[in-house]
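In: what's the 3D shape of this:
(one chain, ligands or ions: 1)
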Amino acid sequence: MTLDDLLTLLHGCPLVASVQASEGSPVDDPETLLKLARASTLAGVRLLRLQGARNIRAIRRGTGVPVIGLIKRTYPDSDVYITPTIWEVDEVIDEGAEVVALDATARHRSGDALLGDLIAHAHSREALVLADIDTVENAVAAVAAGADMVSTTLGGYTSERAATTGADLELLRQTIAAVTVPVFAEGRYAHRWEIDAALRIGAAGVIVGGALNDPVKQTRALMPVRFEGDKVGAVDIGGTWLRFGTFTSDWKLIEVERTPNPPKREERLQWIRDRIQASGVHRVGVSTGGIVDPRTGLVWKAKEYLMADHVGIVFSEETLGIPTFAIGDGHATAWGHANLPRFAGRRVATLAIGTGLGAGFVQEGKIWAGRRGEYPRVNDLPAPGGKTYEELLGGIHITKEPTQEAEARAILALESALKAVSDLYFPDDIVIAGSVGLSPWLAPHLHRLGAIPSPFDHDAGLYGAAAVALFPPPL
Ligand SMILES: CC(=O)N[C@H](C=O)[C@@H](O)[C@H](O)[C@H](O)COP(=O)(O)O
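Out: Model prediction:
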């Protein structure tokens with residue numbers, strides 16, 4: 001088969017089925033895998049990626065479909081396991097595969113084999129070579145070594161690059177820009193939009209394994225995560241109060257302590273550490289003003305007049321001593337609401353109107369957030385008249401017992417903020433939390449304005465923080 005033949009085939013159907021079983025899986029026998037492969041070809045797939053000599057033989061014969069073959073084998077002196085040496089290259093070709101897939105990372109190969117030699121050997125036997133790469137640099141090197149095509153198979157599986165949660169579309173984009181040979185998208189592709197995006201970016205084909213053919217991976221992907229401990233800690237850091245709650249594993253509040261938010265961030269951390277110690281919890285969720293990078297727990301942005309000395313504080317296992325899940329207070333409160341039976345599975349927006357104004361939006365079990373934890377900045381949007389919603393609604397700007405005029409202004413501002421949230425996010429529900437949001441002068445208007453008072457009452461931030469620890473949101 002020539003490269004042109006292969007590209008013609010992909011033009012007909014760019015979806016390539018990788019039919020491989022997880023280690024120890026009961027479907028790991030050639031007959032069963034053949035049936036899975038047939039299911040894919042029945043639906044239109046015209047190229048298969050297969051692992052192992054027996055599987056390649058049985059499935060190639062049984063389907064008559066061209067094959068990208070590989071042998072996974074480990075050697076004691078190397079981490080390379082996809083067709084690592086010339087022996088496996090020969091095995092793949094002996095079984096009739098048209099294309100040999102092999103590891104093209106910069107890692108040392110067993111027996112000091114060189115990538116160029118393996119490729120030359122496959123070519124001498126008239127097979128095409130697909131280089132499984134982990135980085136753009138290694139894609140370029142593989143093409144220089146003679147590879148006919150590359151695939152992003154190993155992106156996120158070596159120390160060179162962190163694994164993305166889903167498909168690594170940036171690795172694909174950069175690889176396509178860097179090489180002239182056809183590039184396959186591969187590795188953690190599981191959704192139609194990822195496949196469409198890969199093709200828009202310019203992939204010659206998209207190789208999908210687990211999402212199509214591996215019931216072990218599929219089961220793991222759908223398995224709910226359960227918290228095994230007996231209780232968790234929840235920290236709620238607002239502009240005024242710092243609170244610590246202890247919750248049961250079924251999200252019931254056991255007890256709560258609070259202190260005026262100390263002016264220095266080290267004092268804040270120390271107070272939390274002391275509460276963690278005293279309560280004996282082994283996991284904690286943190287809801288805080290400011291913007292938190294959810295991967296590191298670093299607060300990288302916060303308004304000084306609302307949260308003094310807060311930028312630079314880190315909420316992590318390192319600083320608090322136990323596994324820690326920290327997100328911004330708008331997000332945390334929204335996550336709390338979204339996990340209540342009443343709202344679960346709905347599109348829920350939350351406005352937390354306390355000292356400042358926080359916002360969060362949850363859709364399909366995911367928090368709507370920027371890559372570094374940014375939240376919907378309803379607070380800084382100008383309301384009609386020019387002042388921001390935070391200036392009109394945030395407790396720091398209005399006194400405890402506002403004049404009737406200030407109240408009227410705030411109610412109008414809330415009405416307009418709710419309209420903005422509806423127009424931008426199309427939520428099924430908008431829930432209001434926070435000391436101002438639930439105050440005796442504002443709360444009576446919520447129903448008329450189409451908003452729902454938080455079922456958590458004044459503890460929404462704390463319940464949100466506990467929800468983050470008990471049911472960690474996907475990032
Ligand atoms: C990293 C590695 O060893 N990848 C292997 C390569 O053949 C297979 O285990 C994967 O199933 C294949 O790449 C498809 O990827 P996914 O199953 O994520 O769609």
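
In: which SS state does His331 fall under?
Out: helix (DSSP: H, G, I helix; E, B strand; the rest coil).

In: burial count for it?
Out: When neighbours are counted by other CB atoms under 10 Å, His331 registers 31. C-beta: built from backbone N, CA, C; applies to glycine.

In: so for it, what's the pLDDT?
Out: You'll see His331 listed with a pLDDT of 96.

In: for it, give me its contacts.
Out: By CB atoms under 8 Å, 6 or more residues apart in numbering, the contact set of His331 is Ser287, Gly360, Ile367, Ala369, Gly373, Tyr375, Gly464, Pro473.

In: kindly report the residues of the stretch 51-200 of the chain close to the ligand.
Out: Leu70, Ile82, Thr153, Leu154, Tyr157, Glu186, Gly187, Arg188, Tyr189 (CB under 6 Å from any ligand atom).

In: apart from its chain neighbours, what residue comes closest to the second one?
Out: By that I understand Ile82. In this structure, Ile82 finds its nearest non-sequential neighbour in Asp103, 4.3 Å apart by CB to CB, 6 or more residues apart in numbering.

In: for Thr83, see how far away the one you found is.
Out: 7 Å (CB to CB, to the nearest Å).

In: how near is the spatially closest residue to Thr85 that is not a sequence neighbour to Tyr81?
Out: Ranked by CB to CB, 6+ apart and with sequence neighbours excluded, the top spatial neighbour of Thr85 is Ala113, at 5.2 Å. In this structure, Ala113 and Tyr81 are 13 Å apart, going by CB to CB.

In: do a quick rundown of the helices in the stretch 301-450 of the chain.
Out: 317-320, 329-338, 389-393, 404-425 (DSSP state H, counting those that start in this stretch).

In: quick check: buried residues in the shortest one?
Out: Spelled out, that is helix 317-320. For helix 317-320, a neighbour-count test (16 or more other CB atoms under 10 Å) marks Thr319, Leu320 as buried.

In: by contact count, what packs against it?
Out: Under the contact definition 3 or more CB pairs under 8 Å, 6 or more residues apart in numbering; DSSP states H and E, helix 317-320 sits against helix 265-279.

In: can I get the helix it packs on in PDB, CA atoms only?
Out: Extracted in PDB, the C-alpha atoms of helix 265-279 (Å, rounded to 0.1, in the frame of the first residue of the first chain):
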ATOM      1  CA  ARG A 265      -2.300  35.900  54.800                       C
ATOM      2  CA  GLU A 266       0.000  33.800  56.900                       C
ATOM      3  CA  GLU A 267      -2.300  34.300  59.900                       C
ATOM      4  CA  ARG A 268      -5.200  33.200  57.700                       C
ATOM      5  CA  LEU A 269      -3.300  30.000  56.800                       C
ATOM      6  CA  GLN A 270      -2.400  29.400  60.400                       C
ATOM      7  CA  TRP A 271      -6.000  29.700  61.600                       C
ATOM      8  CA  ILE A 272      -7.100  27.200  59.000                       C
ATOM      9  CA  ARG A 273      -4.300  24.800  59.800                       C
ATOM     10  CA  ASP A 274      -5.300  24.900  63.500                       C
ATOM     11  CA  ARG A 275      -8.900  24.200  62.700                       C
ATOM     12  CA  ILE A 276      -7.900  21.300  60.400                       C
ATOM     13  CA  GLN A 277      -5.800  19.800  63.200                       C
ATOM     14  CA  ALA A 278      -8.500  20.200  65.900                       C
ATOM     15  CA  SER A 279     -11.300  18.800  63.700                       C
END
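
In: contacts only, for the residue of the chain found nearest the ligand.
Out: Proximity of the chain to the ligand (CB to the nearest ligand atom) peaks at Gly209, 2.8 Å away. For Gly209, the contacting residues are Ala17, Ser18, Val19, Gln20, Arg49, Glu186, Lys217, by CB under 8 Å, 6+ apart.

In: one step back: between Ala113 and Tyr81, who's got more neighbours?
Out: The residue with more neighbours, out of Ala113 and Tyr81, is Ala113; 19 against 16, by other CB under 10 Å.

In: the strands in the stretch 351-475 of the chain, which residues?
Out: Assigned by DSSP state E, counting those that start in this stretch, the stretch 351-475 of the chain shows strands spanning 357-363, 366-367, 429-433, 452-453.

In: could you identify which of those strands is most buried?
Out: strand 357-363 (a mean of 27; mean count of other CB atoms under 10 Å).

In: what's that strand in contact with?
Out: Residues outside strand 357-363 that contact it (CB under 8 Å, 6+ apart): 289, 328-335, 337-338, 347-352, 367-368, 375-379, 389-390, 393-394, 417, 421, 425, 427, 434.

In: who does it pair up with?
Out: Strand 357-363 has the following strand partners under DSSP bridges: strand 348-353 (antiparallel), strand 366-367 (antiparallel).

In: what's next to the last one, contact-wise?
Out: With contact meaning CB under 8 Å, 6+ apart, strand 366-367 is reached by Ile327, His331, Ala334, Trp335, Gly360, Phe361, Pro473, Pro474.

In: the third one: neighbouring residues, count only.
Out: The number of residues packed near Ala334 is 34, by other CB under 10 Å.

In: for it, list the residues it contacts.
Out: Shown in contact with Ala334 (CB under 8 Å, 6+ apart): Val348, Ala349, Thr350, Ala359, Gly360, Phe361, Val362, Ile367, Val431, Gly464.

In: Trp49 reaches Val65, doesn't it?
Out: Check again: residue 49 is Arg, not Trp. No - taking contacts as CB atoms under 8 Å, Arg49 lies outside contact range of Val65: 10.8 Å.

In: more neighbours, those two?
Out: Neighbours per residue (other CB under 10 Å) separate Arg49 from Val65, with Arg49 holding more: 26 against 19.

In: quick one: secondary structure of that one?
Out: strand.

In: need the three-state assignment for the nearest residue to it once chain neighbours are set aside.
Out: Residue nearest to Arg49 in three dimensions, not counting chain neighbours: Ser18, with 3.9 Å by CB to CB, 6+ apart. Secondary structure, three-state DSSP: Ser18 is strand.

In: now Thr296
Out: Here Thr296 takes the coil state, with states given by three-state DSSP.

In: so it sits against Glu318, correct?
Out: No - shown here, Thr296 and Glu318 do not form a contact pair, counting by CB under 8 Å, at 9.9 Å.

In: ramachandran angles for Thr259?
Out: Note on Thr259: its backbone torsions stand at phi -150, psi 150 [degrees, to the nearest 10].

In: hey, what's the residue nearest to it when sequence neighbours are not counted bridged with?
Out: Spatial nearest neighbour of Thr259, excluding adjacent residues (CB to CB, 6+ apart): Leu242 at 5.4 Å. Beta bridges link Leu242 to Ile237, Thr259, judged by DSSP bridges.

In: shouldn't Arg188 be in contact with Gly156?
Out: Yes - assessed by CB under 8 Å, Arg188 is found in contact with Gly156 at 7.4 Å.

In: ok, these two, which is more surrounded?
Out: Arg188 (21 against 18).

In: so the more buried one versus Gly24, what's the distance?
Out: 21 Å.
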